[in-house]
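Q: Pasting the sequence and the predicted model now:
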Amino acid sequence: MDILLVMLAGMAVGRFLFPAKAKRGNERLALVCTLVLIFSMGVMLGQRDNFLQDLFSLGAASFLMFLVPTVVSIVVVYLLSERFLVKKRRSGKEDPQ
Amino acid sequence: MMVLLTIAALLLGLVYGLSGLELPVVTFLTGHTDAVLYLLMFSVGISVGMYRGLAAKIREYHLRIFIIPAGIMFGSIAGGILCALLLHMPWNYGAAIAGGMGWYSLAGATIGRLVGAEMGSVAFLSNLMREVFSYLIIPFIALKLNYYTSIAPAGATSEDTTLPMMLKYTNEETVVLSVLNGMICSLFVPVIISLCL
(Lines give C-alpha, C1' and ligand atoms only; values in the text may rest on other atoms or scores of the structure.)
Protein backbone atom coordinates (compact mmCIF):
# COMPACT_ATOMS: atom_id res chain seq x y z
CA MET A 1 0.00 0.00 0.00
CA ASP A 2 2.88 2.40 0.70
CA ILE A 3 3.92 2.01 -2.97
CA LEU A 4 0.50 3.25 -3.99
CA LEU A 5 0.84 6.28 -1.71
CA VAL A 6 4.25 7.08 -3.22
CA MET A 7 2.73 6.83 -6.71
CA LEU A 8 -0.17 9.10 -5.72
CA ALA A 9 2.34 11.63 -4.36
CA GLY A 10 4.16 11.43 -7.71
CA MET A 11 0.87 12.00 -9.56
CA ALA A 12 0.21 15.13 -7.49
CA VAL A 13 3.73 16.40 -8.19
CA GLY A 14 3.35 15.60 -11.90
CA ARG A 15 -0.01 17.37 -12.07
CA PHE A 16 0.83 20.55 -10.17
CA LEU A 17 4.59 21.02 -9.72
CA PHE A 18 6.69 19.10 -12.22
CA PRO A 19 8.07 21.22 -15.12
CA ALA A 20 7.12 19.93 -18.58
CA LYS A 21 10.68 20.37 -19.85
CA ALA A 22 11.92 17.80 -17.30
CA LYS A 23 9.62 15.10 -18.72
CA ARG A 24 12.43 13.40 -20.63
CA GLY A 25 14.63 13.35 -17.53
CA ASN A 26 11.84 11.71 -15.56
CA GLU A 27 11.46 9.03 -18.24
CA ARG A 28 15.21 8.35 -18.07
CA LEU A 29 15.04 8.10 -14.27
CA ALA A 30 12.23 5.52 -14.55
CA LEU A 31 14.30 3.55 -17.07
CA VAL A 32 17.40 3.55 -14.84
CA CYS A 33 15.38 2.50 -11.77
CA THR A 34 13.74 -0.31 -13.76
CA LEU A 35 17.09 -1.57 -15.06
CA VAL A 36 18.63 -1.50 -11.56
CA LEU A 37 15.70 -3.49 -10.15
CA ILE A 38 15.79 -6.05 -12.99
CA PHE A 39 19.58 -6.37 -12.62
CA SER A 40 19.19 -6.89 -8.84
CA MET A 41 16.57 -9.54 -9.51
CA GLY A 42 19.02 -11.31 -11.83
CA VAL A 43 21.75 -11.15 -9.16
CA MET A 44 19.44 -12.67 -6.53
CA LEU A 45 18.37 -15.40 -8.95
CA GLY A 46 21.95 -16.19 -9.98
CA GLN A 47 23.06 -16.47 -6.37
CA ARG A 48 20.47 -19.18 -5.67
CA ASP A 49 22.09 -22.59 -5.11
CA ASN A 50 19.99 -24.55 -7.59
CA PHE A 51 19.16 -21.75 -10.03
CA LEU A 52 19.95 -23.64 -13.23
CA GLN A 53 17.75 -26.55 -12.16
CA ASP A 54 14.91 -24.12 -11.35
CA LEU A 55 15.17 -22.37 -14.71
CA PHE A 56 13.04 -24.93 -16.56
CA SER A 57 10.22 -24.82 -14.01
CA LEU A 58 10.29 -20.99 -14.02
CA GLY A 59 10.00 -21.00 -17.82
CA ALA A 60 7.06 -23.41 -17.80
CA ALA A 61 5.26 -21.44 -15.06
CA SER A 62 5.90 -18.19 -16.96
CA PHE A 63 4.46 -19.63 -20.17
CA LEU A 64 1.31 -20.71 -18.35
CA MET A 65 1.11 -17.31 -16.64
CA PHE A 66 1.26 -15.66 -20.06
CA LEU A 67 -1.08 -18.03 -21.91
CA VAL A 68 -4.08 -18.37 -19.60
CA PRO A 69 -4.55 -14.68 -18.64
CA THR A 70 -4.08 -13.62 -22.28
CA VAL A 71 -6.64 -16.14 -23.58
CA VAL A 72 -9.16 -15.29 -20.83
CA SER A 73 -8.69 -11.56 -21.60
CA ILE A 74 -9.34 -12.20 -25.29
CA VAL A 75 -12.51 -14.19 -24.56
CA VAL A 76 -13.88 -11.59 -22.09
CA VAL A 77 -13.12 -8.63 -24.36
CA TYR A 78 -14.62 -10.46 -27.36
CA LEU A 79 -17.87 -11.12 -25.49
CA LEU A 80 -18.05 -7.55 -24.14
CA SER A 81 -17.19 -5.94 -27.47
CA GLU A 82 -19.74 -8.05 -29.38
CA ARG A 83 -22.39 -7.09 -26.82
CA PHE A 84 -21.63 -3.39 -26.28
CA LEU A 85 -19.48 -2.13 -29.16
CA VAL A 86 -20.01 -4.16 -32.34
CA LYS A 87 -23.79 -4.58 -31.96
CA LYS A 88 -24.24 -0.91 -31.17
CA ARG A 89 -22.25 0.00 -34.24
CA ARG A 90 -24.24 -2.38 -36.45
CA SER A 91 -27.58 -1.11 -35.10
CA GLY A 92 -26.31 2.45 -35.56
CA LYS A 93 -25.64 1.70 -39.22
CA GLU A 94 -29.09 0.17 -39.67
CA ASP A 95 -30.79 3.03 -37.90
CA PRO A 96 -28.74 6.23 -37.94
CA GLN A 97 -31.39 8.03 -35.87
CA MET B 1 15.27 -1.12 -27.53
CA MET B 2 13.62 -1.31 -24.11
CA VAL B 3 13.18 -5.06 -24.49
CA LEU B 4 16.88 -5.50 -25.26
CA LEU B 5 17.99 -3.30 -22.35
CA THR B 6 15.87 -5.14 -19.78
CA ILE B 7 16.90 -8.57 -21.06
CA ALA B 8 20.55 -7.42 -20.98
CA ALA B 9 20.12 -6.18 -17.38
CA LEU B 10 18.59 -9.50 -16.33
CA LEU B 11 21.29 -11.57 -18.06
CA LEU B 12 24.05 -9.37 -16.62
CA GLY B 13 22.60 -9.83 -13.14
CA LEU B 14 22.34 -13.60 -13.63
CA VAL B 15 25.95 -13.87 -14.82
CA TYR B 16 27.14 -11.74 -11.89
CA GLY B 17 25.14 -13.83 -9.42
CA LEU B 18 26.43 -17.10 -10.85
CA SER B 19 30.03 -15.84 -10.90
CA GLY B 20 30.20 -15.50 -7.12
CA LEU B 21 31.75 -12.01 -7.32
CA GLU B 22 31.10 -9.50 -4.50
CA LEU B 23 31.63 -5.97 -5.87
CA PRO B 24 30.82 -3.24 -3.28
CA VAL B 25 28.78 -1.14 -5.77
CA VAL B 26 26.58 -4.09 -6.72
CA THR B 27 26.19 -5.14 -3.07
CA PHE B 28 25.09 -1.57 -2.27
CA LEU B 29 22.60 -1.51 -5.15
CA THR B 30 21.05 -4.90 -4.40
CA GLY B 31 20.83 -3.95 -0.73
CA HIS B 32 18.86 -0.75 -1.44
CA THR B 33 16.19 -1.97 -3.88
CA ASP B 34 13.45 -0.61 -1.58
CA ALA B 35 14.60 2.95 -2.22
CA VAL B 36 14.94 2.30 -5.97
CA LEU B 37 11.40 0.89 -6.11
CA TYR B 38 9.97 3.95 -4.31
CA LEU B 39 11.84 6.21 -6.71
CA LEU B 40 10.46 4.25 -9.68
CA MET B 41 6.88 4.48 -8.41
CA PHE B 42 7.25 8.20 -7.76
CA SER B 43 8.55 8.65 -11.30
CA VAL B 44 5.68 6.59 -12.77
CA GLY B 45 3.27 8.75 -10.75
CA ILE B 46 4.80 11.92 -12.21
CA SER B 47 4.35 10.55 -15.75
CA VAL B 48 0.70 9.73 -15.09
CA GLY B 49 0.09 13.10 -13.40
CA MET B 50 1.63 15.01 -16.32
CA TYR B 51 -0.79 13.56 -18.87
CA ARG B 52 -3.47 16.21 -19.41
CA GLY B 53 -5.72 14.78 -22.12
CA LEU B 54 -7.23 11.76 -20.39
CA ALA B 55 -10.22 13.54 -18.80
CA ALA B 56 -11.21 15.11 -22.13
CA LYS B 57 -11.01 11.76 -23.91
CA ILE B 58 -13.10 10.08 -21.20
CA ARG B 59 -15.79 12.75 -21.74
CA GLU B 60 -15.61 12.21 -25.52
CA TYR B 61 -15.95 8.43 -25.47
CA HIS B 62 -17.98 8.29 -22.25
CA LEU B 63 -18.30 4.87 -20.64
CA ARG B 64 -17.40 3.02 -23.86
CA ILE B 65 -13.68 3.50 -23.26
CA PHE B 66 -13.84 1.48 -20.05
CA ILE B 67 -15.35 -1.64 -21.66
CA ILE B 68 -12.09 -2.93 -23.17
CA PRO B 69 -9.72 -2.16 -20.23
CA ALA B 70 -12.28 -3.55 -17.76
CA GLY B 71 -12.45 -6.77 -19.81
CA ILE B 72 -8.65 -6.99 -20.03
CA MET B 73 -8.17 -6.40 -16.29
CA PHE B 74 -10.90 -8.86 -15.33
CA GLY B 75 -9.65 -11.50 -17.79
CA SER B 76 -6.01 -11.09 -16.76
CA ILE B 77 -6.70 -11.29 -13.03
CA ALA B 78 -9.12 -14.22 -13.43
CA GLY B 79 -6.59 -16.02 -15.64
CA GLY B 80 -3.82 -15.31 -13.13
CA ILE B 81 -5.85 -16.73 -10.26
CA LEU B 82 -6.63 -19.82 -12.36
CA CYS B 83 -2.91 -20.27 -13.09
CA ALA B 84 -2.07 -19.85 -9.41
CA LEU B 85 -4.45 -22.70 -8.57
CA LEU B 86 -2.87 -24.88 -11.27
CA LEU B 87 0.66 -24.06 -10.09
CA HIS B 88 -0.18 -24.39 -6.36
CA MET B 89 0.88 -20.85 -5.52
CA PRO B 90 -1.04 -18.20 -3.52
CA TRP B 91 -3.90 -16.76 -5.61
CA ASN B 92 -2.81 -13.18 -4.97
CA TYR B 93 0.62 -13.89 -6.49
CA GLY B 94 -1.07 -15.14 -9.67
CA ALA B 95 -3.38 -12.11 -9.76
CA ALA B 96 -0.45 -9.71 -9.27
CA ILE B 97 1.71 -11.37 -11.95
CA ALA B 98 -1.08 -11.43 -14.55
CA GLY B 99 -2.10 -7.92 -13.43
CA GLY B 100 1.12 -6.74 -15.09
CA MET B 101 -0.86 -6.99 -18.36
CA GLY B 102 2.31 -7.02 -20.48
CA TRP B 103 4.23 -4.30 -18.61
CA TYR B 104 7.05 -6.75 -17.95
CA SER B 105 9.65 -4.29 -16.65
CA LEU B 106 7.46 -2.78 -13.95
CA ALA B 107 5.75 -6.06 -13.01
CA GLY B 108 9.05 -7.98 -12.85
CA ALA B 109 10.85 -5.31 -10.85
CA THR B 110 8.00 -4.62 -8.42
CA ILE B 111 6.97 -8.21 -7.77
CA GLY B 112 10.63 -9.27 -7.55
CA ARG B 113 11.15 -6.72 -4.79
CA LEU B 114 7.88 -7.36 -2.93
CA VAL B 115 7.70 -11.17 -3.11
CA GLY B 116 11.08 -12.47 -4.19
CA ALA B 117 13.32 -13.09 -7.18
CA GLU B 118 11.52 -16.27 -8.28
CA MET B 119 8.06 -14.66 -8.55
CA GLY B 120 9.69 -11.55 -10.03
CA SER B 121 11.21 -13.68 -12.78
CA VAL B 122 7.90 -15.37 -13.53
CA ALA B 123 6.27 -11.91 -13.69
CA PHE B 124 9.02 -10.60 -15.96
CA LEU B 125 9.04 -13.57 -18.34
CA SER B 126 5.26 -14.07 -18.55
CA ASN B 127 4.60 -10.38 -19.23
CA LEU B 128 7.46 -10.27 -21.74
CA MET B 129 5.90 -13.28 -23.51
CA ARG B 130 2.57 -11.45 -23.53
CA GLU B 131 4.10 -8.50 -25.34
CA VAL B 132 6.07 -10.62 -27.80
CA PHE B 133 3.20 -12.99 -28.62
CA SER B 134 0.84 -10.02 -29.03
CA TYR B 135 2.68 -9.11 -32.23
CA LEU B 136 1.79 -12.53 -33.63
CA ILE B 137 -1.78 -12.74 -32.29
CA ILE B 138 -3.11 -9.24 -33.13
CA PRO B 139 -3.42 -9.74 -36.94
CA PHE B 140 -5.17 -13.09 -36.45
CA ILE B 141 -7.68 -11.68 -33.92
CA ALA B 142 -8.37 -8.61 -36.07
CA LEU B 143 -9.17 -10.92 -38.98
CA LYS B 144 -11.10 -13.70 -37.23
CA LEU B 145 -12.84 -12.01 -34.24
CA ASN B 146 -13.19 -8.21 -34.30
CA TYR B 147 -10.93 -5.14 -34.21
CA TYR B 148 -11.73 -4.27 -30.59
CA THR B 149 -10.67 -7.71 -29.36
CA SER B 150 -7.24 -7.31 -30.93
CA ILE B 151 -6.46 -4.81 -28.11
CA ALA B 152 -6.91 -7.58 -25.48
CA PRO B 153 -3.59 -9.46 -25.78
CA ALA B 154 -1.64 -6.17 -25.89
CA GLY B 155 -2.98 -5.10 -22.47
CA ALA B 156 -0.98 -2.19 -21.04
CA THR B 157 1.34 -2.15 -24.08
CA SER B 158 -1.46 -1.15 -26.48
CA GLU B 159 -0.50 2.54 -26.25
CA ASP B 160 3.16 2.11 -27.22
CA THR B 161 5.02 -1.01 -28.34
CA THR B 162 2.10 -2.92 -29.91
CA LEU B 163 0.40 0.21 -31.29
CA PRO B 164 2.05 -0.16 -34.73
CA MET B 165 0.26 -3.50 -35.11
CA MET B 166 -3.07 -1.81 -34.35
CA LEU B 167 -2.29 0.86 -36.93
CA LYS B 168 -1.54 -1.78 -39.54
CA TYR B 169 -4.34 -4.28 -38.91
CA THR B 170 -7.30 -2.29 -37.49
CA ASN B 171 -9.05 1.06 -38.07
CA GLU B 172 -8.71 4.60 -36.67
CA GLU B 173 -11.36 4.17 -33.98
CA THR B 174 -9.64 1.04 -32.67
CA VAL B 175 -6.27 2.83 -32.63
CA VAL B 176 -7.73 5.64 -30.49
CA LEU B 177 -9.35 3.10 -28.16
CA SER B 178 -6.05 1.21 -28.09
CA VAL B 179 -4.15 4.30 -26.88
CA LEU B 180 -6.77 5.03 -24.23
CA ASN B 181 -6.79 1.38 -23.15
CA GLY B 182 -3.01 1.42 -22.74
CA MET B 183 -3.19 4.54 -20.56
CA ILE B 184 -5.93 3.14 -18.35
CA CYS B 185 -4.28 -0.29 -18.00
CA SER B 186 -0.87 1.31 -17.31
CA LEU B 187 -2.43 3.40 -14.57
CA PHE B 188 -3.94 0.30 -12.99
CA VAL B 189 -0.90 -2.04 -13.18
CA PRO B 190 0.81 -0.60 -10.05
CA VAL B 191 -2.57 -0.37 -8.30
CA ILE B 192 -3.42 -4.04 -8.98
CA ILE B 193 0.06 -5.26 -7.95
CA SER B 194 0.00 -3.15 -4.80
CA LEU B 195 -3.49 -4.26 -3.80
CA CYS B 196 -2.75 -7.96 -4.49
CA LEU B 197 0.50 -8.15 -2.51
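A: Perfect, thanks for sending it.
Q: For chain A, spot the helix or strand the model is least confident about on average.
A: Comparing helices and strands within chain A by mean pLDDT, DSSP states H and E singles out helix A:87-94 as the least confident, with a mean of 58.
Q: all helices of chain A, in order?
A: In chain A, the segments counted as helices under DSSP state H are A:2-16, A:23-46, A:51-81, A:87-94.
Q: And those: which comes nearest B:Thr30?
A: Distances from B:Thr30 to each of the helices of chain A were compared using CB to CB; the minimum, 4.5 Å, belongs to helix A:23-46. For every residue, glycine as well, the C-beta is placed using N, CA and C.
Q: Tell me what angle the closest one forms with helix A:51-81.
A: Using axes from the mean of the first three to the mean of the last three CA atoms, to 10 degrees, the direction of helix A:23-46 lies 130 degrees away from that of helix A:51-81.
Q: do helix A:23-46 and chain B meet?
A: Yes. Among the residues of helix A:23-46, A:23, A:26-27, A:29-31, A:33-46 lie within reach of chain B under CB under 8 Å from any CB of the partner chain.
Q: Of the residues you listed, which count as buried by neighbour count?
A: A:26, A:29-31, A:33-46 (16 or more other CB atoms under 10 Å in any protein chain shown).
Q: show me what contacts A:Val76?
A: Taking CB atoms under 8 Å, 6 or more residues apart in numbering or on different chains, we find A:Val76 in contact with B:71-72, B:74-75, B:78, B:152.
Q: repeat for A:Val86
A: Neighbour list for A:Val86: B:146, B:148 [criterion: CB under 8 Å, 6+ apart].
Q: again, only using 7 Å
A: B:Asn146 (CB atoms under 7 Å, 6 or more residues apart in numbering or on different chains).
Q: Nearest residue to residue 84 in space, please, no chain neighbours.
A: Picked chain A for this. Closest residue in space to A:Phe84, ignoring its immediate chain neighbours: B:Ile67 at 5.3 Å, by CB to CB, 6 or more residues apart in numbering or on different chains.
Q: wait, I meant chain B there
A: Counting by CB to CB, 6+ apart, B:Ala84 lies nearest to B:Gly94, which is 2.7 Å off, once chain neighbours are set aside.
Q: what's the neighbour count on the one you found?
A: Here the neighbour count serves as a burial measure; for B:Gly94 (other CB atoms under 10 Å in any protein chain shown) it reads 29.
Q: where does it fall, helix, sheet strand or coil?
A: Local secondary structure at B:Gly94 is given as helix here, using DSSP: H, G, I helix; E, B strand; the rest coil.
Q: From B:Ile111, how far out is it?
A: In this structure, B:Gly94 and B:Ile111 are 11 Å apart, going by CB to CB, to the nearest Å.
Q: So for the helix or strand harbouring B:Gly79, what gets flagged as buried?
A: B:Gly79 is located in helix B:64-87, with elements delineated by DSSP states H and E. Neighbour-count burial for helix B:64-87, with 16+ other CB under 10 Å as criterion, is recorded at B:65, B:67-73, B:75-84.
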